[in-house]
Each structure stands twice: as C-alpha cells, then as structure tokens.
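Asker: Provided below are the primary sequence and the corresponding predicted coordinates.
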Amino acid sequence: MSKTLDWDWANLGFAYVKTDYRYISIWENGQWDDGNLVTDNTVTISEASTALHYGQQCFEGLKAYRTKDGSIQLFRPDENAKRMMKSCERILMPTVPVEKFVDACMQVVKANEQYVPPYGFGATLYLRPFMIGIGDTIGVKPAPKFLFGVFCMPVGAYFKGGLTPVNFTIADMDRAAPYGTGAAKVGGNYAGSLMPHERAAEKGYADCIYLDPMTHTKIEEVGAANFFGITKDKVFVTPKSPSILPSITKYSLMYLAEHYLKLKVEERDCPIDKIDEFTEAGACGTAAVITPIGGIDYKDSLHVFYSETEVGPVTTELYNTLTGIQFGDVEAPEGWIYTV
Ligand code: PLP
Ligand code: COI
C-alpha cells in the first residue's frame, strides 16, 4: 500500500489544491522538448500570448483511481490524448503524441502519489492536461511557441452529493455554434457557458442543459457533461451532434450498456419536446461521473424523470459498473485501464 496524506477525503469538493509536482513541456521550432516535472505552480508567459487574447488553448480532464489493493490506475488516458489532438488540430496547435501525453500523466500521478485518495471514499486524483499558445504574437494567427502542461489535485463530487439526483434548467444561450468549436475542448466554449451556468445556479439548479445551437429543439449537453436517457423499453439513448464534446465517459457507458447490461444503445436526436420518452436520465463526464437528473425545468414546469430523490435502477447499474471498473472492482474491457 503506497502512502497517502492524512486528509478529510470524505469531504473533498471539486476545488483547486496545489499539489507538489506538475509537468511542463515546450514546443518551439517544430518540436517538443523532453518535458519535465517542476514544483512552481505559476506560469510566466508573454503578454502577447495567443492563449490570452485569441483563446488559442485547450485542455483535458481525466482521473487516477486508487484500487482496493492500494495500487493506482488511470481510466482510458489514451482517449483523452486522442481528443486533445483533435482539439489542437481544430485551433491550429501542434499535437502531443499519445505516448507523450500518457507518460506526462503517469509522471504527474507518480510524483504526487500521496495525494491520490485512498480507496473507499469515491474520491480521485483529477488530472488537468492543457496546452496554451505562448510567445510574442499580436496578429490573429497561431503562436510560435506552445506550452503543454499537466497538473493534478484530489477531488470529490463535481455536482453536490455524487450519485444524488439534481435538477437542471434549459439554457437560453448557446455554448457553441453549429459549425464552431463545440466538439473541441477549448476554453472559449467554457467562457460562453459561465453566464448561463451562473443564471441557472442563481435559480437553484445544478447547471443548465444546452439545446442544439441550430434549431434549439434537441438536447445537446448538460453543463460540462453529456446527456443520456433510458427509455421505457430500456434503451440507452444519447444525443448525436457535431457541436457536442465527445465524452469519453459517454462512449464508455454506451459500450457498458450494450456489453455488460445487455441494453440497446442509440446515439441520435433527443428532442426536448419528447423528454417523456425517458424514464431515467443522467449527466455523464469525468468530473460529473454519472449524475442522475432529477428533473429538467422546461417551459416553466419541472419535468421529473425517475424521481427527484431516488436513483433509477439502470442509472444505478451503469454507475456501479463504470465506477467498479474505474476503481478496479469490476473487470474492464481490454485496454481501458493503465496501471501507474
Ligand atoms: N461535455 C463537456 C462540455 C465537458 O466539459 C466534459 C468534460 O470533459 C464532458 C462533456 C464529458 O467528457 P468526458 O467524459 O470525456 O470527461
Ligand atoms: C471534466 O469532466 O473533466 C471536465 O472537463 C469538466 C469540467 C470541470 C470543465
């Protein structure tokens, strides 16, 4: 059993904690340097960095899990690496090869091993890989230099209570444009989500649901998570759209629903006017894990799916299967788990 800090692991929220080491690598003149671990949690960059003015930056989010026997594992880091490559390509940044990305994550977890929460609290070590355009640029064009970093912190539930239903409202703004950057994990999408999120929170909702930016008739995203619904006939349904961030958790759940729970799976439109086709609904993502959706406030009335207080049976089974795999209690599909 490797060592952990003495910490209030049961009451961690989703908040920044400065851990001991982070990884930094610089791209210049067409290549990445070897990268290394540093202790300084600040970054000094040019005032003319494209990341600061033109949003030339992207990020990822993944977690390290402590298993019952004390070992540490990552869940599908190669998928985060591949998605980051796509984000980088979309906004003309150099890509980080999968091996370099995974190696950086491994280094950061090993160096901060004592911050990986012990098994049994549902807590994890959240990793935040990111890339920013740096160097001196004032015209609207790609930066001459880029910084790829990975830092980490122990986290608990993103939405209050973890596997507890929460309510959402429909946003009256978009997070992404129809042919914009919605499918890339770039900061601009999140800047656009700050105001609708704040408005939803002020009204007492956990977050807002975004409809498709073209017609505003179909469910797209649940805050910083993807949506899924379970129909009366036990079909796992999740929206399909080019402006949704392709959630690794969502694609994992689609696989688990089909192969472990033996459900039918559909990736297709989810019209907001037909939400009563779902008997259960949830938000899924690395930070959100699976957060059951109690109800959605739509056209001034609250549509409740399964219950505002109880979790539906399929959602519970999906949650137990996913987290069982992530924490090493359930056998994972081949290639999903990377032991640190
Ligand atoms: N949608 C948005 C907008 C997100 O920020 C995230 C978080 O990464 C997700 C969905 C879920 O994606 P993943 O399951 O890969 O964490
Ligand atoms: C994640 O689930 O990793 C996210 O990126 C969500 C968020 C905190 C932005």
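Answerer: The structure has been received and is ready for your questions. What you see is a predicted model, and the numbers here were worked out from it, not measured in a lab. Numbering: from 1, shown residues only. Ligands and ions are numbered 1, 2, ... in the order given.
Asker: got a pLDDT number for residue 327?
Answerer: At residue 327, the model reports a pLDDT of 96.
Asker: for it, give me its contacts.
Answerer: Each residue near residue 327 by CB atoms under 8 Å, 6 or more residues apart in numbering is listed here: 65-68, 119. For the C-beta atoms, the positions are set from N, CA and C on the backbone; glycine is no exception.
Asker: most neighbours among the residues you listed, which one?
Answerer: In terms of neighbour count, residue 66 stands highest of the contacts of residue 327 at 26 neighbours, by other CB atoms under 10 Å.
Asker: that one contacts residue 109, correct?
Answerer: No: the pair residue 66 / residue 109 is not scored as a contact, 10.4 Å apart, by CB atoms under 8 Å.
Asker: overlap in contacts, those two.
Answerer: Joint contacts of residue 66 and residue 109 (CB under 8 Å, 6+ apart) are 72, 116.
Asker: quick check: the two most widely separated of the contacts of residue 327?
Answerer: 65 and 68 (10.5 Å; CB to CB).
Asker: mutual contacts of the two, please.
Answerer: Both residue 65 and residue 68 are in contact with 327-328, where contact means CB under 8 Å, 6+ apart.
Asker: what helix or strand is the residue nearest to residue 333 when sequence neighbours are not counted on?
Answerer: Of all residues not flanking residue 333 in the chain, residue 255 sits nearest, at 6.5 Å (CB to CB, 6 or more residues apart in numbering). Per DSSP states H and E, residue 255 falls inside helix 248-259.
Asker: can you count the residues close to the single nearest residue of the chain relative to ligand 2?
Answerer: Residue nearest to ligand 2 within the chain: residue 61 (2.1 Å; CB to the nearest ligand atom). By the criterion of other CB under 10 Å, residue 61 has 18 neighbours.
Asker: so it touches residue 128, yeah?
Answerer: Yes: here residue 61 reaches residue 128: they are 6.1 Å apart, a contact under CB under 8 Å.
Asker: sorry, back to before: and the pLDDT for the residue of the chain closest to ligand 2?
Answerer: Here, the pLDDT recorded for residue 61 equals 98.
Asker: list phi and psi for it.
Answerer: The phi/psi pair for residue 61 (degrees, to the nearest 10) reads phi -150, psi 120.
Asker: which other helices and strands contact the longest helix along the chain?
Answerer: Counting by DSSP state H, the longest helix found in the chain is helix 187-202. Packing contacts for helix 187-202, counted by 3 or more CB pairs under 8 Å, 6 or more residues apart in numbering; DSSP states H and E, involve strand 57-59, strand 207-211.
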